[in-house]
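[1] Pasting a predicted model and its sequence here:
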Amino acid sequence: MYETDKIKREVTKQLKLELSKGAVIKGLNKADAYGHEAGMPFEEWVKEFLLKNKWKVFFPNEFIEENLQIIGQDEEKIEEFLDSTWWSSLLRTKQQIKDFLVNKPVKRWQQEGADLVLFYGKDMKSDFEKVILINVKSHEISRLSRAPNIMSAQRLLEFCHEIISREDYQELLKKLDLWFMGIYWENHSSGAIIKEAHIKDLFKLDIKQIPQINFDAAIQIQWHVKEMVEKEQTKEQFIGDLADSFLEQWQHHSQQKQSKYELLVSHIKEKLSR
């Protein structure tokens, strides 16, 4: 079993214990639950939970800044370092580097490819690639709604293409780790009571069982974390299945749109010809 598999098993056990004691996010109201910053209280709760259980965990900007502090304010060395990592295109921006070089805080950005970074190495300087990216997805149990947006399928496909285009891609693939953590909660006067929590490994997902890639909404994969199906497979197999599923769903979507618009145009021309 891989080291990160053991970590996942241990964190899952710790989550179950935490929920058995009663986990509440206090002060969460309806505006918080459905507003722009809806996910932040849950990300903060997961971070606190992991820290309490002795894991080293960071928000992405904190992790980037931690690494930049080690390298120092040398832009060329920073770029060389980040280009060597598997996670940099998901976590960093050019603006963050610019800010660091002029002693400004390294801030978060809206398009981060993860909400949290779990570092499981011993020393950040030498073990900087021993990280698990975590995306936290929350859902109020009583709400009847379609499955939440999980990740941009296009961005994921482009990321996989970026990795396998590198000469050392086989070694890089071994280092890739990204989890989805689904937090399912009920809204009470005391706050958000967390009833269920599930962890799924992106690269173990049976990608052929994705309910939907929504090409009308930023090409998002829509899937409840607790409904995700994992299976034993290589990361190469995952990437191949992702590519096939993406193209298959895109062709189906585009054919539907083609038929819809052809019919619409046909009716317009028929009316105009009278």
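    In hand now; what should we look at? What you are looking at is a predicted structure, and each value in this text was computed from that prediction instead of being measured.

[2] Need the three-state assignment for T12.
    Reduced to three states with DSSP: H, G, I helix; E, B strand; the rest coil, the structure at T12 is helix.

[3] Which residue is the nearest non-sequential neighbour of C160?
    Here the nearest residue to C160 in space, its sequence neighbours aside, is I239; by Cβ to Cβ, 6 or more residues apart in numbering that works out to 4.6 Å. Glycine gets a C-beta too; all of them are placed from N, C-alpha and C.

[4] Give me the neighbour count for the one you found.
    By other Cβ atoms under 10 Å, 22 other residues sit near I239.

[5] Was I right to think it contacts S165?
    No - proximity of I239 to S165 does not meet the contact threshold set by Cβ atoms under 8 Å, at 11.6 Å.

[6] Kindly provide the distance from S84 to R166.
    Going from S84 to R166 by Cβ to Cβ, to the nearest Å gives 10 Å.

[7] what about the nearest residue to I219 once chain neighbours are set aside, which SS state?
    With Cβ to Cβ, 6+ apart as the criterion, I219 has its nearest non-adjacent residue at 4.4 Å, and that residue is Q154. What three-state DSSP gives for Q154 is helix.

[8] check which helix or strand covers the nearest residue to S190 once chain neighbours are set aside.
    Counting by Cβ to Cβ, 6+ apart, S190 lies nearest to V24, which is 5.9 Å off, once chain neighbours are set aside. In this structure, V24 is located in strand 23-25 according to DSSP states H and E.

[9] could you pull out the strands for the stretch 151-274 of the chain?
    Taking DSSP state E, counting those that start in this stretch to define them, one finds strands in the stretch 151-274 of the chain at 178-188, 191-201, 212-214, 220-222.

[10] in the last one, what's buried?
    Meaning strand 220-222. Within strand 220-222, the residues that qualify as buried by neighbour count (16 or more other Cβ atoms under 10 Å) are Q220, I221, Q222.

[11] Now tabulate those in CSV and tack on distance to L15.
    Converted to CSV, the buried residues of strand 220-222 look like this (distance: Cβ to Cβ, whole Å):
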residue, distance to L15
Q220, 25
I221, 23
Q222, 24
